[in-house]
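please find the sequence and the predicted model below.
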Amino acid sequence: MKRGALDSFVTLVAPKKPKYEASADKSSHASYPFAIPHLPAQFTEQLGFAPSEEGKPMNDQLDLDLVYYQPYIPSSIASGVFDFLRTELPFYRVKYNITRGSIQTQVNTPRFTTVFGVDETSRFTASGALVDAKSGRPIEASRYKCKPRPIPQCLDELRKITEGTTGETFNFCLVNYYADGQDSISYHSDDERFLGPNPAIASFSLGAKRDFLMKHKPIPPKQGGDVIQEEPKPIKLALGPGDMVLMRGKTQANWLHSIPKRAGAEAGRGRINITFRKAMVKGDGELLSV
DNA sequence: AGAGCGCCATCTGC
DNA sequence: TGCAGATGGCGCTC
């Protein structure tokens, strides 16, 4: 076989993925299992052009208040940022025990997770110590079940840009990795005890396209009346790489969302979901989800 | 809250 | 239009 023919064959079958150039700088903290590289400079530069598309308001249904950026992260770097985060973030599978009757069962959540940030009552000093937000006094270790850890630089770059375009502020970052179509999260709302009323949550998608389903919470029948209020129609957003959905206002209080399992090859590439929120009071840490 | 299962409505390709 | 396999939603149980 001729040299040229082989080259073009290889190129066709295995196109070079946009690789990232690792930064020498890293975020380190006692609560990290290992240092997390800073966002490669090429990505930081390109984030300067975000959002790629203007956000589209979706507020034409009862209690719904979304802004959909399709995409937000420039498509030139979406794949590279996915590879970077999947490789460099300390993901783990949350496991917990439940008791049903007298039977103990271990539940493995069907997704990988990693969490950064701390609620408004606390903050990190420049040297990484956790202190009370008001007094500046050190926080006793017993205050938090899980040791809070600061948002690493690579995610903080995205957080700052997101704050700029949304006008919201965020102090907390939850990242989920759905490794394949079998990974999922069932219907839920984000915890308002932890986030306060009418919380704003910015949710980014990278990697495989996955369906994001939303449905209104059941409307309790009016007491004494026989009028059945009509439920808003369920929503399906096919979230692609770089997309961002801002959920705000009455959305959390009144809508549920999920990422259902999916058959087929597309989901098999894996999807990363980054969410920024503002945590108002200390939370349990493991209750949170997308 | 998740997995596995059965049931069934919908979609898609022929 | 009809059919069959694939897909996905939902309810149930553990």
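Arrived safely. Because the structure is a prediction, the values reported are computed rather than measured.

surely A:K261 and A:Q182 touch.
Yes. Counting by Cβ atoms under 8 Å, A:K261 does reach A:Q182; the two are 5.7 Å apart. (Each C-beta comes from the backbone N, C-alpha and C, glycine too.)

anything in contact with each of the two?
A:P110 (Cβ atoms under 8 Å, 6 or more residues apart in numbering).

who's more crowded, those two?
Each of A:K261 and A:Q182 has its neighbours counted (other Cβ atoms under 10 Å); A:K261 has more, 16 against 13.

interface residues of chain A facing DNA strand B?
Contact residues (Cβ under 7 Å from any atom of the strand) of chain A with DNA strand B: A:98, A:100, A:105, A:107-110, A:182, A:184-186, A:188, A:287, A:289.

how about a cut-off of 10 Å?
Residues of chain A lying close to DNA strand B (Cβ under 10 Å from any atom of the strand) are A:93-94, A:96, A:98-100, A:105-111, A:182-189, A:191, A:256, A:258, A:261, A:286-289.

and the stretch 101-250 of chain A, which of its residues are near DNA strand C?
Contacts of the stretch 101-250 of chain A with DNA strand C, taken as Cβ under 10 Å from any atom of the strand, map to A:101, A:103, A:105, A:181, A:184, A:186-187, A:211, A:213, A:215, A:218, A:234, A:236.

which SS class is the nearest residue to A:R143 once chain neighbours are set aside?
Leaving aside its sequence neighbours, A:R143 sits nearest to A:K282 (Cβ to Cβ, 6 or more residues apart in numbering; 6.9 Å). For A:K282, the assignment made with DSSP: H, G, I helix; E, B strand; the rest coil gives coil.

can you pull the contacts of A:K282?
Residues near A:K282 by Cβ under 8 Å, 6+ apart: A:D119, A:T121, A:S122, A:R143, A:Y144.
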